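Chemist: Below is the sequence, then the predicted model.
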Amino acid sequence: MKIIVDAFGGDYAPAEIIAGCVLALKADENLQLIVTGAEKIVGAALLNAGADMKRCEILDAPDIVTNDDSPVEAIKRKTDSSLVKALVRLKDDPGAAGFVSCGNTGAVLAGGLLRVGRIRGVSRPALASTLPTLTGGSVLLLDCGANMDCKPVNLMHFALMGAAYMRVVHGVENPRVALMSVGTEDKKGNELTKAAFETLKGMPVNFVGNMEARDCFSGDYDAVVCDGFVGNVALKSMEGAFTAMLKLLKETLKSKLKTKIGGALIQKDLKKTLGRMDYTKTGGAPFLGIEKVLIKEHGSAKADTVKTAIIKAKRLAESGLVNEIRSVISSMPAIDTNDN
């Protein structure tokens, strides 16, 4: 199975991206990669990093889509970029099952829509992030930033896709789907959430009602839906809180002799616990609703994180996720949203 990797997307490209590719190849002997970027640079980097070149193909792409580029304009005009060439190959190559990029989020989404295509019937794709829970499981938060303004039909499709993801990827038989709002009462929220609540009540999903953002990690939910503005603010607030908590904990453990001794005694267990909550280990966020697996990883991702994203892309492709989403969406009546 082939996974395509954008070697020139991200803050630490191409060095950390290439290093991540090598780690992924070592972790999975059945993995094959297509790495896009300037051929001479990518080739030399792969060789220097000790990559198995029998399982690597380099797709020459001398241009780069930057974070300063307009997403749609970049996809239309930068046809020789590592991102666009990767997405065209993903669309045209039956053996290419997934794609990973740490680059411009808007451009990855625009490219997914314009070059790969949206699953028929999906009103809008959703950026879906997997978060750990206190019970040891996972919860899927969608949308995390692809759609700043949504209609109830969009949240309906997010719910269907989120439930499909948790079934086929995490093996949850009847995923509990919640709507993020400002309270758990049925009538709480803005006009969107109130309308979406009524829509979701009649959907063929296990809708358990409204929930508050603070309960995301509780383990009481399997998928949480919201518009991209709310989801992105919630996700970044969680990431910021985790980072701040970690910093404060380190400062406390180093502040006095007794806390240094205590820290040394619990170091192993503490590291294990904190590791469960580390968002960099989730393998990036897929865009659900695209015809093939499309994963966006953090722009600041380094080798280990890139490796995890590549392995995740392969896993999602093997799970049959795209076909499952296609199936559940096709079973619903067609809806004209007038915003496609």
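Modeler: Everything's here; your move. These numbers were taken from a predicted model, which means no experiment stands behind them.

Chemist: what residues are up against the residue nearest the centre of the chain?
Modeler: With the centre of the chain defined as its mean C-alpha position, the nearest residue by CA atoms, centre = their mean is residue 285, 0.3 Å away. Applying CB atoms under 8 Å, 6 or more residues apart in numbering, we find residue 285 in contact with 127, 128, 129, 130, 144, 295, 296, 297. For glycine as for every other residue, the C-beta is placed from the backbone atoms N, C-alpha and C.

Chemist: Kindly report the same for residue 22.
Modeler: Neighbour list for residue 22: 46, 49, 50, 51, 303 [criterion: CB under 8 Å, 6+ apart].

Chemist: quick one: which of those residues is nearest to residue 30?
Modeler: The shortest gap between residue 30 and any of the contacts of residue 22 belongs to residue 51, at 15.5 Å (CB to CB).

Chemist: Next, count neighbours for that closest one.
Modeler: Here the count is done by other CB atoms under 10 Å, and residue 51 has 23 residues near it.

Chemist: same deal with residue 241?
Modeler: Neighbour tally, residue 241, other CB under 10 Å: 10.

Chemist: and the gap between it and residue 299?
Modeler: Plainly put, residue 241 is 20 Å away from residue 299 if you go by CB to CB, to the nearest Å.

Chemist: Then residue 19?
Modeler: 16 Å.

Chemist: And residue 332, by the same measure?
Modeler: 35 Å.

Chemist: How about residue 247?
Modeler: Separation of residue 247 from residue 299 (CB to CB): 21 Å.

Chemist: Comparing those two, which shows the higher neighbour count?
Modeler: residue 299 (16 against 10).

Chemist: tell me the contacts of the more buried one?
Modeler: Going by CB under 8 Å, 6+ apart, residue 299 touches 9, 10, 11, 67, 102, 103.

Chemist: Make a markdown table out of the residues you listed and add pLDDT and neighbour count.
Modeler: What follows is the contacts of residue 299, written out as a markdown table (pLDDT from 0 to 100; neighbours: other CB atoms under 10 Å):
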| residue | pLDDT | neighbour count |
| --- | --- | --- |
| 9 | 93 | 31 |
| 10 | 92 | 25 |
| 11 | 93 | 13 |
| 67 | 91 | 14 |
| 102 | 96 | 30 |
| 103 | 94 | 28 |
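
Chemist: which one of these sits closest to residue 29?
Modeler: Distance to residue 29, by CB to CB, is smallest for residue 102 among these, at 24.3 Å.

Chemist: Tell me if I'm right that that closest one and residue 303 touch.
Modeler: No: if you go by CB atoms under 8 Å, residue 102 and residue 303 don't touch, sitting 11.2 Å apart.

Chemist: How many neighbouring residues does residue 332 have?
Modeler: A total of 14 residues lie near residue 332 under the criterion other CB under 10 Å.

Chemist: wait, doesn't it sit right on residue 164?
Modeler: No: with contact defined as CB under 8 Å, residue 332 does not reach residue 164; the gap is 12.0 Å.

Chemist: re earlier: now the residue nearest to the centre of the chain: closest residue in space that isn't a chain neighbour?
Modeler: Spatial nearest neighbour of residue 285, excluding adjacent residues (CB to CB, 6 or more residues apart in numbering): residue 129 at 4.5 Å.

Chemist: Kindly report the same for residue 39.
Modeler: Using CB to CB, 6+ apart and skipping residues adjacent in sequence, the residue nearest residue 39 is residue 60, 3.9 Å away.

Chemist: My understanding was that that neighbour contacts residue 35; is that so?
Modeler: No: the criterion here is CB under 8 Å, and residue 60 misses it with residue 35 at 10.2 Å.

Chemist: higher neighbour count, the two?
Modeler: A count of neighbours by other CB under 10 Å puts residue 35 above the other of residue 60 and residue 35, at 27 against 14.

Chemist: Heading C-terminal from the helix or strand in which that one is found, find the next helix or strand.
Modeler: Assigned by DSSP states H and E, residue 35 belongs to strand 32-37. Elements were assigned by DSSP H and E; along the chain past strand 32-37, the next helix or strand is helix 39-48.

Chemist: in that following helix, what counts as buried?
Modeler: By neighbour count on 16 or more other CB atoms under 10 Å, the buried set for helix 39-48 is 41, 42, 43, 45, 46.

Chemist: For it, output the C-alpha coordinates as CSV.
Modeler: Coordinates of the C-alpha atoms in helix 39-48 are reproduced here as CSV (Å, rounded to 0.1, in the frame of the first residue of the first chain):
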residue,chain,number,x,y,z
GLU,A,39,13.9,15.5,-6.6
LYS,A,40,17.6,16.1,-5.8
ILE,A,41,16.9,17.4,-2.3
VAL,A,42,14.5,14.7,-1.4
GLY,A,43,16.6,11.9,-2.9
ALA,A,44,19.8,13.0,-1.1
ALA,A,45,17.9,13.4,2.2
LEU,A,46,16.3,9.9,1.9
LEU,A,47,19.7,8.3,1.2
ASN,A,48,21.4,10.2,4.0
